[in-house]
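Engineer: here is a sequence together with a model predicted from it:
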There are 2 protein chains.
Amino acid sequence: MTRIAALIDDLFEDVEYAEPARAFRNAGHTVVTVGLKKGATVTGKTLRSKVLIDEGVHDVAPGDFGALFIPGGYSPDRLRVDPAAVEFVRSFVESGKPVLGICHAAQLLITARVLQGRRITGYVSIIQDIKNAGAEFVDAGVVEDGNLLFSRNPKDIPAFIRASLKKLEG
Amino acid sequence: MTRIAALIDDLFEDVEYAEPARAFRNAGHTVVTVGLKKGATVTGKTLRSKVLIDEGVHDVAPGDFGALFIPGGYSPDRLRVDPAAVEFVRSFVESGKPVLGICHAAQLLITARVLQGRRITGYVSIIQDIKNAGAEFVDAGVVEDGNLLFSRNPKDIPAFIRASLKKLEG
């Protein structure tokens, strides 16, 4: 079973966090919320769901976890202002451990400058940003390239969960 | 006096629309709100301010206006999903008429692929996206390059208004 870091801040896309996190936990994995400040409560885009941050990104390292999960919404745009969050993502991508992202998640990888030559997908609004970062944008529900596993939007969540659970087993 | 298109959608940064729009109107200019749907009401990020959309972006052309004003927040990310909004911005930049943007506004210019070789500024979260688009990112309160006049964030609003009013006179 894998200890998964879920990297989130305010304005995360509620279902993109809640549904995969529930599925990961139901499968026996541990989901640890990592954010800008330990003990803070962050609020999703719909303003309905609130999530407690278990660990501050300044206090953890990729070595503490077996996988990274990045939900979308505007949370990645907020997180990538923080150099520690960007460095956490950069190290995780380079560690070779699974990085599971959806929607705007790739924005963090762009700022971390780890997309050159990778195949990835993301929300339609960031397609040009993904291409400009030197990656190949693939318009598919789930795109895997090495340790990266990415999906486009909430409609892809069921496929994202299935593929992620398989990757976490491997 | 100039007829200015203010391009906005939901989650615009309230003060980045309200304060420049008021200053432009007080100086005798006309501010026309342009959005995805004429007659819709869009809501700012703080959920406090609501703005009526005067014109749909599908029904207007840069020739209808003398300048373009793009407030920030998450409105540009929403607008750049719509090809008509992207084309409106692209045509405006290439028209040579003033394009006044702040915060996340440059995201629309990235998707419109008009930033190669330009000097521009924007919100800290999109610095890498601006660089990857082939532009020179400048960390200053107001950055002018030809018809482009851009600012970084709400703190720059007073300088943005002063420089914009001067540009609209010229």
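Structural biologist: That came in fine, so what should we check first? Residues are numbered from 1 along each chain as shown, chains lettered A, B, ... in the order given.
Engineer: so what's the spatially most central residue of chain A closest to, chain neighbours aside?
Structural biologist: Here the mean C-alpha position of chain A is nearest to the C-alpha of A:Ile70 (Cα atoms, centre = their mean), at a distance of 1.3 Å. Counting by Cβ to Cβ, 6 or more residues apart in numbering or on different chains, the nearest residue to A:Ile70 once its immediate chain neighbours are dropped is A:Ala105, at 3.8 Å. Just so you know, the C-beta spots here come from the backbone N, C-alpha and C atoms, and that holds for glycine as well.
Engineer: report the contact partners of the one you found.
Structural biologist: Taking Cβ atoms under 8 Å, 6 or more residues apart in numbering or on different chains as the contact definition, A:Ala105 lies against A:70-72, A:76, A:122, A:150.
Engineer: distance of it from B:Ala85?
Structural biologist: 24 Å (Cβ to Cβ, to the nearest Å).
Engineer: A:Ala159 belongs to a strand?
Structural biologist: No - A:Ala159: not assigned to a strand; according to DSSP: H, G, I helix; E, B strand; the rest coil it is helix.
Engineer: does it really touch A:Ser151, like I thought?
Structural biologist: Yes - in terms of Cβ atoms under 8 Å, A:Ala159 counts as a neighbour of A:Ser151; the distance is 6.8 Å.
Engineer: chain B contacts on chain A?
Structural biologist: Contacts of chain A with chain B, taken as Cβ under 8 Å from any Cβ of the partner chain, map to A:11, A:74, A:77-78, A:80-81, A:107, A:110-111, A:113, A:124-125, A:127-129, A:132-134.
Engineer: contacts for stretch A:12-29 next, please.
Structural biologist: The contact list for stretch A:12-29 (Cβ under 8 Å, 6+ apart) reads A:1-4, A:6, A:8, A:31, A:42, A:44-46, A:48-49, A:51, A:69, A:71-75, A:100, A:102-104, A:154, A:157, A:160-161, A:164-165, A:168.
Engineer: go again using 7 Å as the cut-off
Structural biologist: Where contact means Cβ atoms under 7 Å, 6 or more residues apart in numbering or on different chains, the residues beyond stretch A:12-29 that reach it are A:1-2, A:4, A:6, A:8, A:31, A:42, A:44-46, A:48-49, A:51, A:69, A:71-73, A:75, A:102-103, A:154, A:157, A:160-161, A:164-165, A:168.
Engineer: what about the residue of chain A found nearest chain B, neighbour count?
Structural biologist: Taking Cβ to the nearest Cβ as the measure, the point where chain A comes nearest chain B is A:Asn132, at 3.8 Å. As a burial measure, the neighbour count of A:Asn132 was computed by other Cβ atoms under 10 Å in any protein chain shown and equals 22.
Engineer: measure the nearest residue to A:Ala61 once chain neighbours are set aside to B:Ile157 for me?
Structural biologist: Closest residue in space to A:Ala61, ignoring its immediate chain neighbours: A:Ser91 at 7.1 Å, by Cβ to Cβ, 6+ apart. Here the criterion is Cβ to Cβ. By it, A:Ser91 lies 37 Å from B:Ile157.
Engineer: many thanks, have a good one.
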